[in-house]
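Student: please find the sequence and the predicted model below.
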Amino acid sequence: MAAPTTDPDRPSRPTLLAVAHGTRNPEGVAVTEALVDRVRALRPDLRVKRCFLDLVAPSLPQALARLSGEVILVPLLLGAGYHVRVDIPEALAAAPHLRARVAAALGPDPLLADALTDRLTDAGWRAADGPVVLAAAGSTDPDANADAAAMASLLRERLAGRDDVVPAYLCAAGPTPAQAVAALRAQGHSRVAVAPYLMSPGFFAHRAARSGGCVTSTPLGTHDALARLVALRYDEARERMPSAPASRAG
């Protein structure tokens, strides 16, 4: 009997579909593309695609329509807010031709604490500079804001022996980063750093930079820890993925 043939173009593992938020800022889109390229370099064994939830093509429904077989969607999002809980599952329900699973959001995670620390250090922050305001995007979803607060705790642990890390929100919740900076200065801290808890440059990053911190780091961007975290979320979701039904010979 002849050995079965295999299709070299068919991935042996589920496709990794990175789902980014989307932004009108071209630099922000470029950062997303660069991060996805880093994931590809890190995991050459995987077929890696990307799409966007808003403003940029391909959209999530467009990307799902172009795929077949098994897919793991990895949200390039820092918290499990409305997009993760509602938007992505709804789009997936409209693509019944796929066997798919949605991975957990990227944050909170110790790898992100490593990336945030590196970004602060790159910006010139030192332990003597005092406390840090973690500037998250903010959400009307309390769970998403709780994720940001949990990330502040992880960053505080990562900066063991240094001053406090205070969560703040750039919209939809309080305190704002500017309010958090002002409150810390009122407590006697002359120097306060702002760490944007954001994926890429854009409107929120500009707002964080105007919060009054003596040092403001850059968004997480293409830090190697993010690429490793995307791969980790994929592997976690794949472990939970049910096995495909065995095919029967004709």
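Tutor: Okay, I see it.
Student: going forward, measure contacts and count neighbours with C-alpha atoms only.
Tutor: Will do.
Student: and the closest residue to Leu67 other than its chain neighbours, what pLDDT?
Tutor: Distances taken as Cα to Cα, 6 or more residues apart in numbering put Leu98 closest to Leu67, at 7.6 Å, once the chain neighbours are dropped. Leu98 is assigned 97 on the pLDDT scale.
Student: count of residues packed around Leu98?
Tutor: 17 (other Cα atoms under 10 Å).
Student: what does it show for phi and psi?
Tutor: phi -110, psi 150 (degrees, to the nearest 10).
Student: one more: Val48?
Tutor: phi -120, psi 120.
Student: isn't it right up against Arg13?
Tutor: No. The criterion here is Cα atoms under 8 Å, and Val48 misses it with Arg13 at 10.6 Å.
Student: tell me where this protein has strands.
Tutor: In the chain, the strands defined using DSSP state E lie at 15-20, 48-52, 69-75, 98-102, 132-136, 165-169, 193-197, 215-216.
Student: for Ala34, which of the ones you listed is the nearest?
Tutor: Comparing these against Ala34 with Cα to Cα, the closest turns out to be strand 48-52 (11.1 Å).
Student: so that closest one versus strand 69-75, what angle?
Tutor: 50 degrees (axes from the mean of the first three to the mean of the last three Cα atoms, to 10 degrees).
Student: okay, Ala104 and Arg85: tell me how far apart.
Tutor: Counting by Cα to Cα, to the nearest Å, the gap between Ala104 and Arg85 amounts to 10 Å.
Student: looking at the two, which one has more neighbours?
Tutor: Ala104 (22 against 13).
Student: how many residues are close by the residue nearest to the more buried one when sequence neighbours are not counted?
Tutor: Distances taken as Cα to Cα, 6+ apart place Arg233 nearest to Ala104, at 6.3 Å, with adjacent residues excluded. Other residues lying near Arg233 total 19 when counted by other Cα under 10 Å.
Student: what residues are up against Arg233?
Tutor: By Cα atoms under 8 Å, 6 or more residues apart in numbering, the residues touching Arg233 are Val74, Ala103, Ala104, Ala105, Leu106.
Student: likewise Ser139?
Tutor: If a contact means Cα under 8 Å, 6+ apart, then Ser139 has Gly81, Asn145, Tyr169, Cys171, Ala172, Ala173 as its contacts.
Student: how much space separates it from Leu229?
Tutor: The value you get for Ser139 to Leu229, if Cα to Cα is used, is 23 Å.
Student: do Ala150 as well
Tutor: 17 Å.
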